[in-house]
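1. sequence plus predicted model, see below.
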Amino acid sequence: MAQLLRNKDFLSGILFIGAGATFLYIGHDYALGTTRRMGPGYFPTLLSITLILIGAGITLNAFRSQDYVADFSLRGLAAVTIGTVAFGLLIRDAGILIAVAALVLIAALGNPRSKWLPISALAAGMAAFCYLIFVKALGLPIPVLGSWFTS
C-alpha cells in the first residue's frame, strides 16, 4: 500500500477523481436540461464525469506502473500556490496583463534552476496570450490594466 501511495499514476488519478467529484458536487443544484436544450449544469456535469472517468483510468494504470514520486518539493507547491493567490488578488486592480505575468514569475520561483530571461519572456507571452483569448476573442469583462494604472 505504501508503494501505491508513492505511485505517480495513482496520485494523479486520485487528484483527477477528487477534482471531478468536487466540481460535480458544486454543480449538483444546477438544472441539467436535455441534450437539445442544455441547462446551466449540463456541461459542467458532463466535464466532471469525464474527469472522474479519466482519473479512474489513470488510477487503474497505477497497478501496472512502476513510476514513483522521488521527492516532494514543498518549495514548488508553495510557489504555485502563492502565484495563484497573487493572481486572484491582482486581477481586478492590476489587470490581466500584470496578474498573469506575476503568476508565471512567482510560480517559477518553485524551481531553483529557473533562468529568468526565458521565464520573463514566457510571462510576457502568457500575458499577451491570455489577453487575446479572454479579453479580445471571448469578450470577457476583465480589465487589461486595472485601476492601479488608469485614472
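-> Now that the structure is in, tell me what you want to look at. Small disclaimer: the values here were computed from a predicted structure and weren't measured.
2. now the helices for the protein?
-> Along the chain, counting by DSSP state H, helices occupy 2-5, 8-26, 42-61, 74-90, 96-108, 116-130.
3. let's have these in JSON lines, adding mean pLDDT.
-> Output for the helices of the chain, formatted as JSON lines (pLDDT from 0 to 100):
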{"stretch": "helix 2-5", "mean pLDDT": "66"}
{"stretch": "helix 8-26", "mean pLDDT": "90"}
{"stretch": "helix 42-61", "mean pLDDT": "91"}
{"stretch": "helix 74-90", "mean pLDDT": "92"}
{"stretch": "helix 96-108", "mean pLDDT": "96"}
{"stretch": "helix 116-130", "mean pLDDT": "95"}
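4. can you tell me which of these is most buried?
-> Most buried of the helices of the chain by mean neighbour count (mean count of other Cβ atoms under 10 Å) is helix 96-108; its value is a mean of 21. Glycine gets a C-beta too; all of them are placed from N, C-alpha and C.
5. what angle do that one and helix 116-130 make?
-> Per axes from the mean of the first three to the mean of the last three Cα atoms, to 10 degrees, the angle that helix 96-108 makes with helix 116-130 is 140 degrees.
6. for helix 96-108, which helices and strands make contact with it?
-> helix 74-90, helix 116-130 (3 or more Cβ pairs under 8 Å, 6 or more residues apart in numbering; DSSP states H and E).
7. so which of these is nearest Ile98?
-> helix 74-90 (5.8 Å; Cβ to Cβ).
8. hmm, who's touching the closest one?
-> 98-100, 102-112, 146 (Cβ atoms under 8 Å, 6 or more residues apart in numbering).
9. got the helices of the chain as TSV, with distance to Thr150 columns?
-> As requested, these are exported to TSV (distance: least, Cβ to Cβ, whole Å):
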stretch	distance to Thr150
helix 2-5	50
helix 8-26	34
helix 42-61	34
helix 74-90	15
helix 96-108	12
helix 116-130	17
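10. which one of these lies nearest to Leu138?
-> helix 116-130 (10.5 Å).
11. just checking, what packs against the closest one?
-> Packed next to helix 116-130, using 3+ Cβ pairs under 8 Å, 6+ apart, are helix 96-108.
12. that'll do, ta.
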